[in-house]
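> What follows is a predicted protein model with its sequence.
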Amino acid sequence: MTALFPGNASIHPTQEILQEAFGDQRSVGYISRLRLEAGRNAGEVLSQINYAPMRPVIALRDETFFQGRPMLLLVDPVSTTIMAAHVCTDRQADTWGTILLMAEDQGVSLKGLTEDMAKMYTKSLKLAGMSEKPQQKDTWHIERDGSTVRRALERAAYRAMNAAIDLEKKLNKEWDVQLFEQEYIPAATKETETIEQHDQFETWLSHFHDALVLVDIHNGDIRDFETGQWFLEEIISGMEQIEHKRVNKFTKTLRNHQPQLLTFLAWTATALADYDTRLTTSIPDASTRLQFIRAVARSWQLNQAVINGHRQWKAEAENAATSVKSITDANADLAEFALSLRQILDASGRTSSLIESINSLLKSFFRNRKGFKNQETMQAFLNLFVLWHNMRVYDHRCKRGGKNPFRLAGIDPGNADWLTLLGYPPAN
């Protein structure tokens, strides 16, 4: 089992490992049956997990595919615990609604959901009797789509520029009034028009990216919902003035999902109201409290930027972290408050990128399998992955270092070793 998780060894390499390490020969059928039985046991263990000790969670949901079958996942973004994972025949609204109800039956308290733009998600909440649950549409996908539109406008502008330049070369070589009037003037007009469309959209898109940021990276201000709503409306209205088919389509998408693009700001504001009340006991002065919150929030945002590959912020992130540490080292209570604020920001539910990362990890294990006989065997393998993932201890160098997802979520599965839970004797 260790060769499978985390070793990611398929059956034939596992045979070689057993032979080389232990001089033990096992058939393909034996190893397959062993893994299938372990997967069934893992499913039993997971079905007995009580998620009630977790706080109300803004869950991430998404699906990934293997052999044409959808695997539907529900994940806690703070602890990274996979709370539900099912191989299904489809990913329709009624299927998702059933999965949400099953999760609640195991004690999951859904505060809201972060998801992509798929239409069945909203309908699934209605079918499950959860229409009151707020939804946040993943900002990464919509920002990516906006960047795709901008690149298309840029390419169109370059094509128009090159067409005008080619005509200018012809006219410079030999003047032709008919060519000038019938081809060059329309080409020059189109060049001006496409450049203007690109520049206008690029400006509004940069504002759109800024509108979806939780913390101002320069001063540490945590964005408020009302200002965000006003800003987003101005941006969409500005984009609607651009006469271009792709821009119109993108803007229509923004309009359709506008109420669900800034839910993360409302969630954060609610959490911050209680946090500020608790922080008053350690920092009575409102101005000093605000300075502390800004310092921690800015450090968090800079760290997020570095994690996302913006290396130009690395030195600033280190300085900000050092500054916060100097404050918390002098007061143990403030260290706890700093951690609590980071957890609030982590739980804001702005994007579903974490579940995309889990999907990538999951697919790396699935791709190493030749295939599955049926839905049951595929579910058994998924059960093993989920149990292993929820109990694997993160590297000490990361922010969740030294703990596993279940422990971070406050869940006690009964043993710290996932193999022991499956019925295998503990290692000596």
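Here it is on my side, so go on. Quantities reported herein were computed from a predicted structural model and do not represent experimental measurements. Numbering: from 1, shown residues only.
> tell me how far the longest helix that the chain contains is from the chain's mean position?
When the chain is parsed with DSSP state H, its longest helix is helix 139-173. In terms of CA atoms, centre = their mean, to the nearest Å, the centre of helix 139-173 is found 31 Å from the chain centre.
> Can you name every helix or strand that it contacts?
Other helices and strands packing on helix 139-173, by 3 or more CB pairs under 8 Å, 6 or more residues apart in numbering; DSSP states H and E, are helix 177-179, helix 185-211, helix 245-257. All C-beta spots, glycine's among them, are computed from the backbone N, C-alpha and C.
> can you rerun that using 6 Å?
helix 185-211, helix 245-257 (3 or more CB pairs under 6 Å, 6 or more residues apart in numbering; DSSP states H and E).
> Could you figure out how far the longest one is turned away from helix 139-173?
Angle, helix 185-211 to helix 139-173, by axes from the mean of the first three to the mean of the last three CA atoms, to 10 degrees: 160 degrees.
> How about the helix or strand just after helix 185-211, which residues are buried there?
Later in the chain than helix 185-211, the nearest helix or strand by DSSP states H and E is helix 225-239. Using 16 or more other CB atoms under 10 Å as the test for burial, helix 225-239 gives 225, 228-229, 231-232, 235-236, 238-239.
> which ones are touching the nearest residue to Ala187 once chain neighbours are set aside?
Sequence neighbours aside, Ala164 is the residue nearest to Ala187 in space, at 4.6 Å (criterion: CB to CB, 6 or more residues apart in numbering). With contacts defined as CB atoms under 6 Å, 6 or more residues apart in numbering, Ala164 is in contact with 187-188, 191.
> could I get the helices and strands packed on helix 139-173 as a markdown table with mean neighbour count?
Below are the helices and strands packed on helix 139-173 laid out as a markdown table (neighbours: other CB atoms under 10 Å):
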| stretch | mean neighbour count |
| --- | --- |
| helix 185-211 | 17 |
| helix 245-257 | 16 |
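> Show me what stretch 288-296 is in contact with.
For stretch 288-296, contacts defined as CB under 6 Å, 6+ apart pick out 220, 279, 283, 324, 338, 341.
> Please report which of these has the highest neighbour count.
The most crowded member of the contacts of stretch 288-296, judged by other CB atoms under 10 Å, is Leu341 (24 neighbours).
> Reformat the contacts of Ala164 as TSV; add pLDDT and distance to Asn359.
Listed next are these as TSV, based on pLDDT from 0 to 100; distance: CB to CB, whole Å:
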residue	pLDDT	distance to Asn359
Ala187	97	46
Ala188	97	48
Glu191	97	43
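> what's the closest of those to Ala330?
Glu191 (61.6 Å; CB to CB).
> Pull the contacting residues for that closest one.
Contacts of Glu191 by CB under 6 Å, 6+ apart are 160-161, 164.
> can you tell me how far it sits from Tyr394?
54 Å (CB to CB, to the nearest Å).
> Isn't Val306 up against Lys314?
Yes. Judged on CB atoms under 6 Å, Val306 makes contact with Lys314 at a distance of 5.2 Å.
> Look at those two and report which has more neighbours.
Val306 (17 against 13).
> Look at the nearest residue in space to Val78 that is not next to it in sequence and say how many residues are nearby.
Once flanking residues are discounted, Val78 sits nearest to Ala347: 4.9 Å by CB to CB, 6+ apart. Look at Ala347: counted by other CB under 10 Å, it has 21 neighbours.
> Can you check the pLDDT for Ala347?
Confidence at Ala347, expressed as pLDDT, is 86.
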